[in-house]
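J.: Would you be able to build a 3D model of this:
(2 chains)
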2 protein chains.
Amino acid sequence: MRKGEATRAAILERGVRLATQIGLEGLTIGRLATDLGLSKSGLFAHFHSKEALQIQVLDAAAERFVEEVVRPAVRHPRGERRMAALFDSWLAWTKSNSVPGGCLFVAAAAELDDRPGPVRDRLVALQKGWLEMIAIVYRNGVSERQFREDLDPDQFAHDLYSVMLGFHHAARLLRDPLAEDRARAAFERLLSSVRRQRRTA
Amino acid sequence: MRKGEATRAAILERGVRLATQIGLEGLTIGRLATDLGLSKSGLFAHFHSKEALQIQVLDAAAERFVEEVVRPAVRHPRGERRMAALFDSWLAWTKSNSVPGGCLFVAAAAELDDRPGPVRDRLVALQKGWLEMIAIVYRNGVSERQFREDLDPDQFAHDLYSVMLGFHHAARLLRDPLAEDRARAAFERLLSSVRRQRRTA
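T.: Below you'll find the predicted structure:
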């Protein structure tokens, strides 16, 4: 990694953390410069506009998500074990990102849902990509004859996302000590509804 | 209703609408006064502080929620029919409140989850009350021998809330044209997992 890239990565890392605390909409070049103790003009040279900064912060968070959630999961065998690993690492991500600001994607979803523009577009593209990834892991499980093939993989992805939104809400807003147990129970119920009843080896 | 109460109710009605658009945190006495074309000092006499205004706006939204969601549902027979009616009217509420600002409670949850104070406390109390209400409707269904008694009513409430969060996310952020179909499919899957298999009349 060249020096310029390392600097950029470090700035974005800080941008992600700041965005989870103050909201993505509040993340301006000036605010980030103050936070880093850098000059605003210096940051402007890197990012050019608030929107470009916010989009790159989303992309940086998505890269971390791939590193922390997707990559560990795909080391597991396709099918239920991979899906369970995905759920575990996603839960760990949501928890580790719960302090202090919560998952950036969930927070940004509520902020941006009624604000058309390039930042919202990027968030939507990232979320759709993630749902598509879950659907692929589901289809792998169908190929492995572990999951039912008569169900819609996109519905599964939607339902799994709902489980995680419920966890985020219970843990972050309600401070429910049972939030993780409830999420795991919901995931188990979801899995049990998609398992093939009879294995035909 | 006396005149003062009617005025207050009209102001709060406008406050609820404004809060769904600009966020509950952005709802100040000054901002609401501007929006209504009233004097700030006049509104101060009604609400005394920003926090008191925000709490009363939450309470006003909760009253509307009871009117529009809970009251129509409890006209239906206890058990699955009442639960289905509750889901239908809740979905209608989330849709009718989707333009322009989304459900106030969902939006406020994301805003307030890391902001301790009396407004957050009220939101948490309202949300817990709503989850408790769902659990009661579940227990009614157990008494009617329609729902399984070996399951945790609070888990059902958590899971139903997750279904609705997933709907809100798919409809509002992703603009998924299948959002409602997916929510109904998720609800049906949830119901089918709690139905008693054998009726013992």
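
J.: how about the strands of chain A, start to end?
T.: Using DSSP state E, no strands are found in chain A.

J.: need the helices for it, in chain order.
T.: A:3-22, A:29-36, A:40-47, A:50-65, A:71-73, A:80-96, A:104-112, A:118-143, A:153-168, A:179-194 (DSSP state H).

J.: Check which helices and strands the longest one sits against.
T.: Using 3 or more Cβ pairs under 8 Å, 6 or more residues apart in numbering or on different chains; DSSP states H and E, the elements in contact with helix A:118-143 are helix A:50-65, helix A:80-96, helix A:104-112, helix A:153-168. Heads up, the C-betas are built off the backbone N, CA and C, glycines and all.

J.: do you know which of the helices of chain A lies nearest B:Ala170?
T.: Ranking the helices of chain A by proximity to B:Ala170 (Cβ to Cβ) places helix A:153-168 first, at 6.3 Å.

J.: sorry, back to before: compare the helices of chain A and give me the one nearest B:Gln146.
T.: So among the helices of chain A, helix A:179-194 is nearest, using Cβ to Cβ, at 18.2 Å.

J.: what's the angle between that closest one and helix B:153-168?
T.: 80 degrees (axes from the mean of the first three to the mean of the last three Cα atoms, to 10 degrees).

J.: Pull out the buried residues from helix A:179-194.
T.: A:Ala179, A:Arg182, A:Ala183, A:Ala185, A:Ala186, A:Phe187, A:Arg189, A:Leu190, A:Leu191, A:Val194 (16 or more other Cβ atoms under 10 Å in any protein chain shown).

J.: Neighbours of the closest residue to A:Lys50 other than its chain neighbours, how many?
T.: Leaving out its chain neighbours, the residue that sits closest to A:Lys50 by Cβ to Cβ, 6 or more residues apart in numbering or on different chains is A:Thr28, at 5.1 Å. A:Thr28: 16 surrounding residues under other Cβ atoms under 10 Å in any protein chain shown.

J.: surely A:Thr28 meets A:Ser49?
T.: No: using Cβ atoms under 8 Å, A:Thr28 makes no contact with A:Ser49, being 9.8 Å away.

J.: ok, the nearest residue to A:Ala185 once chain neighbours are set aside - contacts?
T.: Leaving out its chain neighbours, the residue that sits closest to A:Ala185 by Cβ to Cβ, 6+ apart is B:Gln155, at 5.7 Å. Applying Cβ atoms under 8 Å, 6 or more residues apart in numbering or on different chains, we find B:Gln155 in contact with A:Arg182, A:Ala185, A:Ala186.

J.: Generate TSV for these, with pLDDT as supplementary columns.
T.: Shown next, in TSV, are those (pLDDT from 0 to 100):
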residue	pLDDT
A:Arg182	98
A:Ala185	98
A:Ala186	98
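
J.: got those residues as TSV, with distance to B:Leu123 columns?
T.: Shown next, in TSV, are these (distance: Cβ to Cβ, whole Å):
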residue	distance to B:Leu123
A:Arg182	19
A:Ala185	25
A:Ala186	23
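
J.: which one of those sits closest to B:Val66?
T.: Among the contacts of B:Gln155, A:Arg182 lies closest to B:Val66 (Cβ to Cβ), at 25.0 Å.

J.: separation between the closest one and A:Thr7?
T.: Per Cβ to Cβ, to the nearest Å, A:Arg182 is found 42 Å from A:Thr7.

J.: Over to A:Arg81?
T.: 40 Å.

J.: ditto for A:Met83
T.: A:Met83 sits 38 Å away from A:Thr7, going by Cβ to Cβ.

J.: Neighbour count for those two, which is higher?
T.: Using other Cβ under 10 Å as the criterion, A:Met83 and A:Thr7 rank with A:Met83 on top: 25 against 14.
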